[in-house]
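Undergrad: Pasting a predicted model and its sequence here:
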Amino acid sequence: MGREHWKKIWVGSAGNMVEWFDWFVYASFATYFAGAFFPEGDDTAKLMNTAGIFAVGFFMRPVGGWLLGRVGDRKGRKAALTLTVTLMSASAVLIAIAPTYAVAGYGGAVVLLLARLLQGLSVGGEYAASATYLTEASAPEHRGFASSFQYVSMTAGQILGLGLLLGLQRTLSDQALHAWGWRVPFVVGALGAAVVFYLRRNMLETEVYEETDADQADRGTLRALWAHKREAFLVVALTMGGTVAYYTYTTYLTKYLSNSAGLPKPTATLVSLCALVVFACLQPLAGRLSDRIGRRPLLITFAVGSTLLTVPILTMLRHAGSFWPALGLSLLALVVVTGYTSINACVKAELFPTGVRALGVALPYAIANALFGGTAEYVALWFKDAGIESGFSWYVAGCAAVSLVVYLTMRETRDIDLGRVGAAPTGRKRDQLPVS
């Protein structure tokens, strides 16, 4: 890959990292600020309240996907990416200054809710804009590798958040973390977003986008997307199992290890941090593998593994008891999830033509995340509160099984020409793409 391609990957990934740092620190620090915005009560109930607001952010993602996907298709990927980071910066500032329940009653929770709504709008467009940008900015034979950096940067954002959490846990008392320490990551996120705004203002547009007809009337519209409704429904279905598994083993894992497995919070945080570092390193390797053997083999491997292994992994995690068993099981789960995360961005982008690619990825993906990814943590806590925590394991496995059916019947997308989607592949081995 040339220097120009690496520059595009770096700029797109750096912004994505800050976006997801802000998104994930909410979940990572929820155990510390849950009591700040709600009255005294059961710890699980407080976490359910904050998880509910976390889920609300996901329900704004379809709106953000539609609005910012339209911007990305009509004004360019650069315009959409710049707007998303502006919204995320504003939301981080709101959380950092939100008043507590003791100061403003439920007014603080309202500010928290507003911030999550802005985050939902931002991330709803960020995923598609960055997925589209990274896919279009790379050479056809490197699309899987290049687009895998979306989850490298997403995971890097979470690693930074967990690293900051671990550092604060070791330098501040538990009382200080509950009182004011939880605000620190949101201040850091706001400052990081300001830096990324500058970088994205000077980023280059993709050649694939610049070569399309700028006068196309229905570019980035719902009418244009409806012409590709089969692909849109496919995005929802193939996302279902992947997003539930991903959020289970990333955002919910730390709480699961501390709240269910009984590990100390610092130990649970360290397990998540170490597992995510390995997970991030796996993404480019799996992405490069998909450039050689195709996308479907990796997706199928993920779905089979997640369907068969989720119940035993989560069951054993609940009885892990110490750092090393918990880390080993977490790594096993994330290795399985890599089959989805490393390539799902390029698979979705490869399904749509340029004029509706950002919207085509954004809206159906955001809907799937609102229904399954954003609610994963809340569903898990609901099962726990109802006394049937093991039911959540079967729920995750069931979602993966549904996606497995989709992966087995979908077409291979590796050889598609992004400039002529549906017309012809780039011509490595076949004249036509197989459709099952």
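TA: Sure thing, it's come through.
Undergrad: Per-residue confidence, Ala129, what does it come out as?
TA: We have a pLDDT of 90 for Ala129.
Undergrad: Spatially central, which residue of this structure would that be?
TA: Met154 (6.5 Å; C-alpha atoms, centre = their mean).
Undergrad: where in the stretch 1-150 of the chain is pLDDT low?
TA: 1-2, 39-48, 54 (pLDDT under 70).
Undergrad: Mean confidence (pLDDT) on stretch 257-265, please.
TA: Stretch 257-265 carries an average pLDDT of 91.
Undergrad: neighbouring contacts of it?
TA: 31, 43-44, 47, 169, 254, 267-268, 271-272, 317-323, 326, 384, 389 (C-beta atoms under 8 Å, 6 or more residues apart in numbering). To be clear about C-beta, it is placed using only N, CA and C from the backbone, and glycine gets the same treatment.
Undergrad: Just the CA atoms of that stretch, as CSV, please.
TA: Below are the C-alpha coordinates for stretch 257-265, written out as CSV (Å, rounded to 0.1, in the frame of the first residue of the first chain):
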residue,chain,number,x,y,z
LEU,A,257,-16.8,-9.9,35.5
SER,A,258,-17.3,-7.6,38.5
ASN,A,259,-21.0,-7.8,39.0
SER,A,260,-21.5,-11.5,38.2
ALA,A,261,-18.1,-13.3,38.5
GLY,A,262,-17.2,-11.3,41.6
LEU,A,263,-13.8,-10.1,40.4
PRO,A,264,-12.6,-6.8,41.9
LYS,A,265,-13.2,-3.9,39.6
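Undergrad: what ranges do the strands span in this protein?
TA: Counting by DSSP state E, the chain has no strands at all.
Undergrad: Distance of Ile9 relative to Ala368?
TA: According to C-beta to C-beta, to the nearest Å, Ile9 and Ala368 sit 25 Å apart.
Undergrad: Apologies, that question was intended for Asn259.
TA: 26 Å.
Undergrad: out of these two, which sits in the more crowded spot?
TA: Neighbours per residue, other C-beta atoms under 10 Å: of Asn259 and Ala368, the larger number sits with Ala368, 25 against 20.
Undergrad: Isn't the more buried one up against Thr239?
TA: Yes. Judged on C-beta atoms under 8 Å, Ala368 makes contact with Thr239 at a distance of 3.8 Å.
Undergrad: got the contact list for Asp22?
TA: 88, 91-92, 119, 157, 186, 189, 192-193.
Undergrad: Just the closest of the residues you listed to Glu211, please.
TA: Closest to Glu211 out of those is Met88 (29.7 Å), distances taken as C-beta to C-beta.
Undergrad: Settle this for me: that closest one is touching Ala193, isn't it.
TA: Yes. Contact status for Met88 versus Ala193: in contact at 5.4 Å, counting by C-beta under 8 Å.
Undergrad: hey, what's in contact with both of the two?
TA: 18-19, 22.
Undergrad: Helices - which of the residues you listed land there?
TA: Using DSSP state H, the subset of those located in helices is 18-19, 22.
Undergrad: returning to that earlier point: disregarding flanking residues, what is the spatial nearest neighbour of the residue nearest to the centre of the chain?
TA: Distances taken as C-beta to C-beta, 6 or more residues apart in numbering place Trp20 nearest to Met154, at 4.4 Å, with adjacent residues excluded.
Undergrad: how near is the one you found to Ala137?
TA: Trp20 sits 19 Å away from Ala137, going by C-beta to C-beta.
Undergrad: Ala34 now?
TA: For Ala34 relative to Ala137 (C-beta to C-beta), the value is 40 Å.
Undergrad: between the two, which one's more packed in?
TA: Ala137 (28 against 22).
Undergrad: Excluding chain neighbours, give the residue nearest to the more buried one in space.
TA: Lys8 (3.9 Å).
Undergrad: ditto for Gly64
TA: In space, Gly64 is closest to Gly124, 2.5 Å off (C-beta to C-beta, 6+ apart).
Undergrad: What of Leu332?
TA: Per C-beta to C-beta, 6+ apart, closest to Leu332 is Ile313, 6.3 Å.
Undergrad: okay, now the one you found: neighbour count?
TA: 22.
Undergrad: Show the contacting residues for it.
TA: Contacts for Ile313 (C-beta under 8 Å, 6+ apart) come out as 329, 332-333.
Undergrad: residues contacting Asn16?
TA: Contacts of Asn16 (C-beta under 8 Å, 6+ apart): 126, 130, 150, 153-154, 157.
Undergrad: Let me know the distance separating it from Thr132.
TA: In terms of C-beta to C-beta, Asn16 sits 12 Å off from Thr132.
Undergrad: And Leu199, by the same measure?
TA: Between Leu199 and Thr132 the computed distance is 18 Å (C-beta to C-beta).
Undergrad: again, but for Met316
TA: Distance of Met316 to Thr132, given as C-beta to C-beta: 39 Å.
Undergrad: Of the two, give the one with the bigger neighbour count.
TA: Neighbours were counted for Met316 and for Thr132 using other C-beta under 10 Å; Thr132 has more, 34 against 15.
Undergrad: Tell me who's in contact with that one.
TA: 72, 77, 206, 349, 357-358, 361.
Undergrad: and the two most separated of those residues?
TA: Thr206 and Val361 (13.9 Å).
Undergrad: who has more neighbours, those two?
TA: Val361 (32 against 22).
Undergrad: nearest residue to the more buried one other than its sequence neighbours?
TA: Nearest non-adjacent residue to Val361 (C-beta to C-beta, 6+ apart): Ala128, at 4.0 Å.
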